[in-house]
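K.L.:
give me a 3D structure for the following:
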Amino acid sequence: MSSGTTGVPGSVVHTNALSEAGARPKARAAVEPTTTGGTAVFAATVGPATTVLRWASVGYGLVAIAPDRVGSGWDDVVLLALCVFLTTLRTIMPLNLGSNDRLDRALPLVDVAVFAVAVGLSGATESPWLLCLLTAVGLAAYGWGNRFALWAGVLAVASVTLLVELSGGSLSDRLDDAGDLLAVVSLALAAAGGLFLRSRAIEAARLVQRTGGELARLRSANELLRELTDVALTLPGAFTLREALSRSRDLLGTYMDPRTVVLVTLDENTDEWTPKITDRAAMRAAYKRDELPEPLRLALDVARTVVRNASSDGNGFIGPDSHSGIYMVLHARGHAIGVLALEHPDPGHFDDVDPVLREGLGDVIALSVDNARWFARLRSLGAQEERVRVARDVHDRLGQWMTYLKMELERMCSADEVTTEELQRVHDDAAFALDELRETLRQLRSGVTDERPLSVLGRELVERFADRSDVAARFLVRNPDQQLPVPVENELLRILQEALNNIDRHAKAEHVEVDWVVDGGNYQLAVIDDGRGFDPSHAVREQSYGLVGMRERAEVIGATFEIDSQPGVGTRLYVRAGQLQSPTVARAGQPN
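P.N.:
Numbering: from 1, shown residues only. Got it, this is the predicted structure:
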């Protein structure tokens, strides 16, 4: 492994043992317009025009030789036939303009030579086929550039001069007026015109290629955004660490195809890094930071993504046969929570991975893992809270009722006579105590599912609360067809249970209103009562513990928890996330 490390602007560090020579042609090909495929470019732009120009030149020659020369001999007829034949051939089998094939490059010079012969044998600068020669020179210049323009011009002048000299004349004698000089200048202008049109065609091709490249990049960006959206919608819904890791592994395999995958996360209690995924890698149970494998430690040190390639030795990698790797630091809540390593046996395997997709995938995995860890902590905290709450409910409700019933039964046993009304009252009290026990067990067992969301369980909970407490309570649901992920709504259900229990014990309320609204990913749970209220900063111990538990549950699911209460004016409790269209919630007991 090369020891050279080069920082790349942005957020990626590349360490590479291969030279950059192999990458340069690839980069050039991406930015320079291709001219080797000129056949398609030039033929598409001038194919019909060249055919029209060729036949127009032949037509001009035909008009020029008639009627003065038709009876003068067979020479003009043969030259006419030759020009018509060559023009017909080029109509049926046109030149492959811009082609690098040797035969294709020779054909335009053949055309120039044939028309030069026709010009040389029919009056040189006064030849009726001069326009055909100019067309051939212009097409050679247009299709193959400066060098061919020069070759075609030299070939045309040399061929005409040779034939004039062989016929016993002199080309210099023919250049005796302005018309003859104009004919010679026209040859140079034909070559220059061909070169000019060629430059415009190449510029147009470059513009089309750049436009096509921009469209391709936009399509690629759109595809990346779609993929990242799919990833973001998939991973954060995994609230258990095992599920989050499983989905992360599947997504990495789909988008990056690694052979070795290692994910280590920071245990903030012990300040150690513990492996969570170790596919095809031998890892210890825990590491101090300075004991981590070198590429993971490097990524943490530079606080950026590290891309590494090796030619053959494979040193500096985690996997036994790896020769390329990506090492990403996972950030959440403003600090590093883990490092993800992806490796492959092929050098350069990850070079084609789009940086936007790579970094976006890392961010979503970091969010998913962090959510899962917080939910694990919440479950531990929630289990402890549930045990405390059950013990408190058993003591406050069932314990008091059992003590009362015991005292009543002892009194009745010592009495000389027990009336039917007294027995009925004790029976009713025992039935009420049994209902209290059932409600406590029901709250422990109840949980949100896809089939029974918070909008259903919340209504049932509020109705039971109203029945047992003689409080006028109602549950309002806005957008009942929408719901949140099950783990989120389950935590909201626990918050609602605790809020209603607090109202039952402390508020002395006459009216309670619960309002539940979901709008996409935004939501609000509001619990309002008209009880005696309290000062949140001076809550009694039982209330304080309940408020802390509700606040912690809200924080873990990313919601805000607010209490608005004053002695004598009731209490408003809000758990909300996102921005809603200002849902109106009436004071309990008032019209909404």
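K.L.:
read off the pLDDT value for the closest residue to residue 197 other than its chain neighbours.
P.N.:
The shortest distance from residue 197 to any non-neighbouring residue, by C-beta to C-beta, 6 or more residues apart in numbering, is to residue 142 (5.2 Å). C-beta: built from backbone N, CA, C; applies to glycine. Here, the pLDDT recorded for residue 142 equals 86.
K.L.:
wait, residue 142 touches residue 198, no?
P.N.:
Yes: using C-beta atoms under 8 Å, residue 142 is in contact with residue 198, at 4.8 Å.
K.L.:
which one's more surrounded, these two?
P.N.:
Taking other C-beta atoms under 10 Å, residue 142 and residue 198 do not tie; residue 142 has more neighbours (29 against 25).
K.L.:
next SSE after the helix or strand hosting that one?
P.N.:
Residue 142 belongs to helix 130-144 when elements are defined using DSSP states H and E. Where DSSP H and E defines the elements, the next helix or strand beyond helix 130-144 is helix 146-166.
K.L.:
need the phi and psi values for residue 465.
P.N.:
Backbone torsions for residue 465, taken as degrees, to the nearest 10, come to phi -60, psi -40.
K.L.:
now for it: which residues touch it?
P.N.:
471, 473, 500, 503, 504, 512 (C-beta atoms under 8 Å, 6 or more residues apart in numbering).
K.L.:
now those in JSON lines, with secondary structure?
P.N.:
JSON lines is the format used below for the contacts of residue 465 (DSSP: H, G, I helix; E, B strand; the rest coil):
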{"residue": "471", "secondary structure": "coil"}
{"residue": "473", "secondary structure": "strand"}
{"residue": "500", "secondary structure": "helix"}
{"residue": "503", "secondary structure": "helix"}
{"residue": "504", "secondary structure": "helix"}
{"residue": "512", "secondary structure": "strand"}
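K.L.:
which of the residues you listed sit farthest apart?
P.N.:
Using C-beta to C-beta, these span at most 10.3 Å, a distance reached by 473 and 504.
K.L.:
those two - which one has more neighbours?
P.N.:
Each of residue 473 and residue 504 has its neighbours counted (other C-beta under 10 Å); residue 473 has more, 24 against 16.
K.L.:
now do the more buried one against residue 465, distance only.
P.N.:
6 Å (C-beta to C-beta, to the nearest Å).
K.L.:
tell me, what's touching these two both at once?
P.N.:
Common neighbours of residue 473 and residue 465 (C-beta under 8 Å, 6+ apart) are residue 512.
K.L.:
quick one: low-confidence ranges for the stretch 1-150 of the chain?
P.N.:
1-47, 66-74 (pLDDT under 70).
K.L.:
one step back: export the contacts of residue 465 to CSV and tack on pLDDT and distance to residue 309?
P.N.:
Output for the contacts of residue 465, formatted as CSV (pLDDT from 0 to 100; distance: C-beta to C-beta, whole Å):
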residue, pLDDT, distance to residue 309
471, 90, 69
473, 94, 66
500, 90, 61
503, 90, 64
504, 85, 66
512, 95, 65
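K.L.:
where do the strands sit along the stretch 401-550 of the chain?
P.N.:
472-478, 511-519, 522-529 (DSSP state E, counting those that start in this stretch).
K.L.:
okay, these in TSV with distance to residue 355 next?
P.N.:
Shown next, in TSV, are those (distance: least, C-beta to C-beta, whole Å):
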stretch	distance to residue 355
strand 472-478	42
strand 511-519	34
strand 522-529	31
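K.L.:
and residue 369, which of those strands is closest to it?
P.N.:
That would be strand 522-529 among these, by C-beta to C-beta, at 23.7 Å.
K.L.:
return the set of buried residues in that closest one.
P.N.:
523, 524, 525, 526, 527, 528, 529 (16 or more other C-beta atoms under 10 Å).
K.L.:
please apply the same query to stretch 52-66.
P.N.:
Residues of stretch 52-66 classed as buried: 53, 54, 55, 57, 58, 61, 64, 65 (neighbour count, 16+ other C-beta under 10 Å).
K.L.:
and what of stretch 142-155?
P.N.:
In stretch 142-155, counting by 16+ other C-beta under 10 Å, buried: 142, 143, 144, 145, 148, 149, 151, 152, 153, 155.
K.L.:
grab the nearest non-local neighbour of the second one.
P.N.:
Nearest residue to residue 143, sequence neighbours excluded (C-beta to C-beta, 6+ apart): residue 97, at 3.4 Å.
K.L.:
residue 338 versus the one you found, what's the distance?
P.N.:
59 Å.
K.L.:
repeat that for residue 356.
P.N.:
On the measure of C-beta to C-beta, residue 356 and residue 338 end up 21 Å apart.
K.L.:
among the contacts of residue 465, which one sits closest to residue 276?
P.N.:
Of the contacts of residue 465, the one sitting nearest to residue 276 (C-beta to C-beta) turns out to be residue 500, at 38.4 Å.
K.L.:
show me the contacts for the closest one.
P.N.:
If you count contacts by C-beta under 8 Å, 6+ apart, then residue 500 has 461, 462, 465, 512, 527 around it.
K.L.:
what do you get if the cut-off is 6 Å, keeping everything else the same?
P.N.:
residue 465 (C-beta atoms under 6 Å, 6 or more residues apart in numbering).
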